[in-house]
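Peer 1: the following comprises the amino acid sequence and a computationally predicted model.
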Amino acid sequence: MEWIKVGNFLGQEKWNYFVLIGLTFLMPFYIRLLPYLIGLSVLTWILQKDLFSRTKGAIKNIYFVGIVIFYLVHLMGMLYTKDYKAGVFNLQIKLSLIIFPLIIFTSSAYLFNKKKLLINSFIYGNILASAICILLAVYHSILNGGDSFFNASAWPHTRDWPFIKLVLGGLSYFNYSELSAFLHVSYFSMYLLMSLYFVYNKLENCWNELKSKEKVSNIVIILFFLLMILLLQSRAAIIALSLIVLYEVVNHLLIPGRIIIKIIIASFFIILILGVINHFARFKSLKEGTTEISYTQLKRDNIRIQLWERSIKIIKNNPLFGVGTGDLKTSILEEYKNENLDITTVKFYNSHNEFLETTARLGILGVGTLLFILILPLLKANNYKDNKILIAFIIIIITNFIFESMLNRINGVLFFSFFYSLLNITEKK
């Protein structure tokens, strides 16, 4: 009887919601905490009442069905994979693709009213994570200061450089992986950009209702996230940010009134982004790489391009079904060996492109399903405000998918599956 009481107590929807709040808040932090929170979210979901009937309702949801099919295609890929162990590991990483759509779509009537709180929890988590990263950068700069008390140089040969030159050169504790204390730069930048847009969207939609202090605080948060994104120097995040700015410019130009002011504001942001791109070292090297040195040299120096080319070769040889859920890394290494290239630089790498990765693993069916679940929300969204957030989310996801195999890590799978599901709750059911 006591176990039944405990089960009924934990089976209340609010406990699952509290776990999800903790999950969204801690998403930008230490990765080892996430599997435990995911497990706890599953437990509190299983103990809820009317689970079977609500699950039947979720099966009728086309967004949920799309993601389930995508996961089932990975299961199907196990039938012809050779590296079974790697395939099982891949399935484990992608398990959240099923977990969070199932939890969210079966609890949509309850979570619909909690959506803003879950989004705010994610924003606050990113604010705290960013603040800690900045404080750690200051701490390391003080430790590294020596006689000068403060020296932000992360490398011995740049200790004499001024602070601004170090930051713009990407060689300080305030840049790139030296700054990102908890996550890989690509994932942290993606989180920050999504948080930035959440705050911007709130500011845009509730401007007349917000008090002056709230307006100022939200603008400060936006600028803080923008600064963090620029300091982290993730090319994918900067490109996604530029596309979102362009999307907002077009959106606002289509709305009548104050055209001149809108053009001036839009031009300011575009010039700001282009100016930053021009001065930061990682983007200067990319620009110079496409204009001043040969493509062969760029390809040799940029492992990502090499991996894309090898992945395309694998796709050409296995277009229909791919090489299987667990065999991609082995196939890439074989391509390197066949061309007598150095495999030491790529033995821990993937395709660095989710679309190429999925096609190489699972063929046309795999990438077709992935494209379906990405495009579907844009076709079905009927609420302007929700549609804007969805479009921004899809822009961020697609841009990052082009540069990274985001669904190969729990940070990418969790972010995608959670917010894909949450943002598609557009009405009470």
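Peer 2: Ah, there it is. Residues are numbered from 1 along each chain as shown.

Peer 1: only C-alpha atoms for contact and neighbour calcs from this point on.
Peer 2: OK.

Peer 1: okay, Q297: pLDDT?
Peer 2: Q297 carries a pLDDT value of 43.

Peer 1: what do you get for the one 4 residues further on?
Peer 2: The predicted local confidence for D301 comes out at a pLDDT of 45.

Peer 1: just the one 5 residues further on next, same as before
Peer 2: The pLDDT attached to Q306 in the predicted structure is 79.

Peer 1: list the buried residues in the host helix or strand of T24.
Peer 2: According to DSSP states H and E, T24 maps onto helix 13-26. Of all the residues in helix 13-26, those buried under the rule 16 or more other C-alpha atoms under 10 Å are 13, 15-17, 19-26.

Peer 1: what about the nearest residue to I21 once chain neighbours are set aside, is that helix, strand or coil?
Peer 2: The spatial neighbour of I21 that comes closest, neighbours along the chain excluded (C-alpha to C-alpha, 6 or more residues apart in numbering), is L118 at 5.6 Å. Three-state call for L118 (DSSP: H, G, I helix; E, B strand; the rest coil): helix.

Peer 1: tally of neighbours for L118?
Peer 2: 22 (other C-alpha atoms under 10 Å).

Peer 1: which residues does it contact?
Peer 2: 20-21, 24 (C-alpha atoms under 8 Å, 6 or more residues apart in numbering).

Peer 1: for the closest residue to L117 other than its chain neighbours, give me the pLDDT.
Peer 2: The shortest distance from L117 to any residue other than its chain neighbours is 7.8 Å, reached at I21 (C-alpha to C-alpha, 6+ apart). Looking at I21, its pLDDT reads 93.

Peer 1: now do I398
Peer 2: For I398, pLDDT reads 95.

Peer 1: secondary structure class for it?
Peer 2: Per three-state DSSP, I398 ends up helix.

Peer 1: so who does it touch?
Peer 2: Applying C-alpha under 8 Å, 6+ apart, no residues qualify as near I398.

Peer 1: can you show me the CA trace of stretch 199-213 as PDB?
Peer 2: The C-alpha atoms that make up stretch 199-213 are tabulated as PDB, following Å, rounded to 0.1, in the frame of the first residue of the first chain:
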ATOM      1  CA  VAL A 199      13.800  36.800 -25.100                       C
ATOM      2  CA  TYR A 200      13.500  38.900 -28.300                       C
ATOM      3  CA  ASN A 201      10.200  37.300 -29.200                       C
ATOM      4  CA  LYS A 202       8.800  38.000 -25.700                       C
ATOM      5  CA  LEU A 203      10.100  41.600 -26.000                       C
ATOM      6  CA  GLU A 204       8.500  42.100 -29.400                       C
ATOM      7  CA  ASN A 205       5.100  40.500 -28.500                       C
ATOM      8  CA  CYS A 206       4.700  42.000 -25.000                       C
ATOM      9  CA  TRP A 207       6.400  45.400 -25.400                       C
ATOM     10  CA  ASN A 208       3.300  47.400 -24.500                       C
ATOM     11  CA  GLU A 209       2.600  45.300 -21.400                       C
ATOM     12  CA  LEU A 210       6.100  45.300 -20.000                       C
ATOM     13  CA  LYS A 211       7.300  47.800 -17.500                       C
ATOM     14  CA  SER A 212      10.400  49.900 -18.200                       C
ATOM     15  CA  LYS A 213      12.600  47.900 -15.900                       C
END
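
Peer 1: what's the nearest residue to F70 if we skip its chain neighbours?
Peer 2: Using C-alpha to C-alpha, 6+ apart, the nearest residue to F70 is T369, at 5.8 Å.

Peer 1: distance check, L196 against L223.
Peer 2: Distance of L196 to L223, computed by C-alpha to C-alpha, to the nearest Å: 8 Å.

Peer 1: name the residue in the two with the higher neighbour count.
Peer 2: L196 (23 against 13).

Peer 1: tell me who's in contact with that one.
Peer 2: 221-222, 225-226.

Peer 1: quick one: contacts for the closest residue to S421 other than its chain neighbours?
Peer 2: Of all residues not flanking S421 in the chain, P101 sits nearest, at 5.3 Å (C-alpha to C-alpha, 6+ apart). Applying C-alpha under 8 Å, 6+ apart to P101 gives the contacts 64, 67, 417-418, 421.

Peer 1: hmm, back to that, let me know the average pLDDT across the helix or strand encompassing the residue nearest to F70.
Peer 2: With elements taken from DSSP H and E, the one containing T369 is helix 354-380. Helix 354-380 shows an average pLDDT of 92 in the prediction.

Peer 1: elements contacting the helix or strand that comes right after the helix holding T24?
Peer 2: Beyond helix 13-26 in the direction of the C-terminus, DSSP H and E gives the next helix or strand as helix 34-46. Counting contacts by 3 or more C-alpha pairs under 8 Å, 6 or more residues apart in numbering; DSSP states H and E, helix 34-46 packs against helix 13-26, helix 96-106.

Peer 1: out of these, which is closest to S130?
Peer 2: Closest to S130 of the helices and strands packed on helix 34-46 is helix 13-26 (C-alpha to C-alpha; 12.3 Å).

Peer 1: helices or strands up against the closest one?
Peer 2: Counting by 3+ C-alpha pairs under 8 Å, 6+ apart, helix 13-26 packs on helix 34-46, helix 115-143.

Peer 1: which of those sits closest to V88?
Peer 2: Of the helices and strands packed on helix 13-26, nearest to V88 by C-alpha to C-alpha is helix 34-46, at 16.3 Å.
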